[in-house]
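1. Need coordinates for the following:
(one chain, ligands or ions: 1)
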Amino acid sequence: MPAATYPALRLRRTRAAPWSRAMVAETSLSPSDLIWPLFIAEGGGVEEPIASLPGVSRWSVDLIAARAKEARALGIPCIALFPNTPQGLRSEDAREALNPDNLICRAVKAAKDAAPEVGVLTDVALDPYTSHGHDGIVDPFGYVLNDETSAVLADQALVQADAGADIIAPSDMMDGRVGAIRGALEEAGHVNVQIMAYAAKYASAFYGPFRDAVGSRGLLKGDKKTYQMDPANALEALREVALDLAEGADTVMVKPGLPYLDIVRRVKERFEVPVFAYQVSGEYAMIEAAAAAGAGDRDALVLETLMAFKRAGCAGVLTYHAPLAARLLASR
Ligand code: PBG
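-> Numbers count the residues shown, from 1 in each chain. Next comes the predicted model:
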């Protein structure tokens, strides 16, 4: 049978009314697709706005508990926590990362106490704890050592799991660290703690505001190109994902988000596992800048970009716009 053509075929028919557009929509977006990244500050009753991330603040542990309750009320299933470690506690070897009473561990406990129904994801990487801003242990030449770092990351993951973290998210890009972390979790009896591997994480110019938020921007010596991926590569991302899945990752992440949706799609098609994407700080800042300049409507930009992640195949998206998006979705 020949394919229908105009005028028998009028693709605008199903677009003509809102009910019809709703009926034929191929993709949906809901608050359960969102993971909300939150920054933690030392102190009590503290909210510190972050200049390069307008609308995003660091919160002290007591106020993180309030954010966890807010997530629950908004139907956001999971929050991701990132500490701004006091500068005096940062060191070459990042030992504060292994302190069971450090900022992140106190925040995890507070969040789980306040809203146990909300999942808590914690980042495993050493950059919020090192005096040089790198994600791992460096040698005298500044090279980030792989195996030495992996061993510390496994201990860091244990400290976080002991504090109550539900999902461990290694964001460091060392080879073999997922296996090391999975082994440590199994041995300690944390058999149901998930690993969401930052499997395909690129050396990106979009992380600047995040580094302000965790206080590592001014410290960072050089760049992260010896461990994070080259934006030129896609096949290599598939190898990264294969490796992390083989080592025991439950889910994988692609990061940054919008410029890397081709990677999301390829990972989803090849591996058929839940794929998440991180709409990172620089992407958030671009939307805010566009809205502030009158170049686009913030709410519409937020919902359109999040729908694009879903359409590409994402199971969910880490986004600083999570509370705004959840509110917008609830009011539709
Ligand atoms: C730390 C980490 C980074 C981000 C998440 N975890 C920064 C980096 O790798 O330098 C970036 C997130 C964002 O920009 O929003 N390893």
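2. Please name the spatially closest residue to residue 164 (chain neighbours excluded).
-> Of all residues not flanking residue 164 in the chain, residue 112 sits nearest, at 4.4 Å (C-beta to C-beta, 6 or more residues apart in numbering). Where you see a C-beta, it was placed from the backbone N, CA and C, and this is true even at glycine.
3. Kindly apply the preceding question to residue 78 instead.
-> Using C-beta to C-beta, 6+ apart and skipping the chain neighbours, the partner closest in space to residue 78 is residue 119 (3.7 Å).
4. a strand runs through residue 296, doesn't it?
-> No: Residue 296 sits outside any strand when classified using DSSP: H, G, I helix; E, B strand; the rest coil, being coil.
5. got the contact list for it?
-> Neighbour list for residue 296: 287, 290 [criterion: C-beta atoms under 8 Å, 6 or more residues apart in numbering].
6. Give the buried residues for stretch 180-191.
-> The neighbour-count check on stretch 180-191 (16 or more other C-beta atoms under 10 Å) flags 180, 181, 182, 184, 185, 190 as buried.
7. scratch that, stretch 274-289
-> In stretch 274-289, counting by 16+ other C-beta under 10 Å, buried: 275-285, 287-288.
8. And stretch 289-297, by the same measure?
-> Buried residues in stretch 289-297, defined by neighbour count with 16+ other C-beta under 10 Å: residue 291.
9. Now do it: distance from first to last residue.
-> Start to finish, the residues bounding stretch 289-297 are 11 Å apart (C-alpha to C-alpha, to the nearest Å).
10. quick one: low-confidence ranges for the chain?
-> Applying pLDDT under 70 to the chain flags the ranges 1.
11. Would you mind listing what in it touches the ligand?
-> Residues of the chain lying close to the ligand (C-beta under 6 Å from any ligand atom) are 123, 125, 127, 135, 171, 172, 207, 210, 211, 224, 280, 281.
12. Could you pick out which of the buried residues of stretch 180-191 are located in helices?
-> In helices, judged by DSSP state H, the following of these are found: 180, 181, 182, 184, 185.
13. and the lengthiest helix in the chain, what other elements does it pack with?
-> Assignment by DSSP H gives helix 146-163 as the longest helix of the chain. In terms of contact count using 3 or more C-beta pairs under 8 Å, 6 or more residues apart in numbering; DSSP states H and E, helix 146-163 is assigned the packing partners helix 103-114, strand 119-124, strand 167-170, helix 177-187.
14. can you list contacts of that helix?
-> By C-beta under 8 Å, 6+ apart, the list of residues contacting helix 146-163 from outside reads 93-94, 97-100, 102, 104-106, 108-109, 122, 124-126, 135-137, 168, 170, 172, 174-177, 180-181, 183-185, 188, 190, 193.
15. would CSV of the buried residues of stretch 180-191 with distance to residue 67 be doable?
-> Listed next are the buried residues of stretch 180-191 as CSV, based on distance: C-beta to C-beta, whole Å:
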residue, distance to residue 67
180, 31
181, 26
182, 29
184, 29
185, 26
190, 24
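16. rewinding a little: what's the spacing between the residue nearest to residue 164 and residue 181?
-> Going from residue 112 to residue 181 by C-beta to C-beta, to the nearest Å gives 20 Å.
17. repeat for residue 283
-> Noted for residue 283: a distance of 27 Å to residue 181, by C-beta to C-beta.
18. Then residue 59?
-> Separation of residue 59 from residue 181 (C-beta to C-beta): 27 Å.
19. Tell me which two of the residues of the chain next to the ligand sit farthest apart.
-> Among the residues of the chain next to the ligand, the pair separated by the greatest distance (C-beta to C-beta) is 172 and 281, at 17.4 Å.
20. State the distance from residue 251 to residue 178.
-> In this view, residue 251 and residue 178 are 11 Å apart by C-beta to C-beta.
21. Can you pick out the residue with more neighbours from these two?
-> residue 178 (28 against 19; other C-beta atoms under 10 Å).
22. circling back: quick one, which of the contacts of helix 146-163 are buried?
-> By 16+ other C-beta under 10 Å, these give 94, 97, 102, 104-106, 108-109, 122, 124-126, 135-137, 168, 170, 172, 174, 177, 180-181, 184-185, 190, 193 as buried.
23. got the angle for the longest helix of the chain vs strand 119-124?
-> Counting by axes from the mean of the first three to the mean of the last three C-alpha atoms, to 10 degrees, helix 146-163 points 150 degrees away from the direction of strand 119-124.
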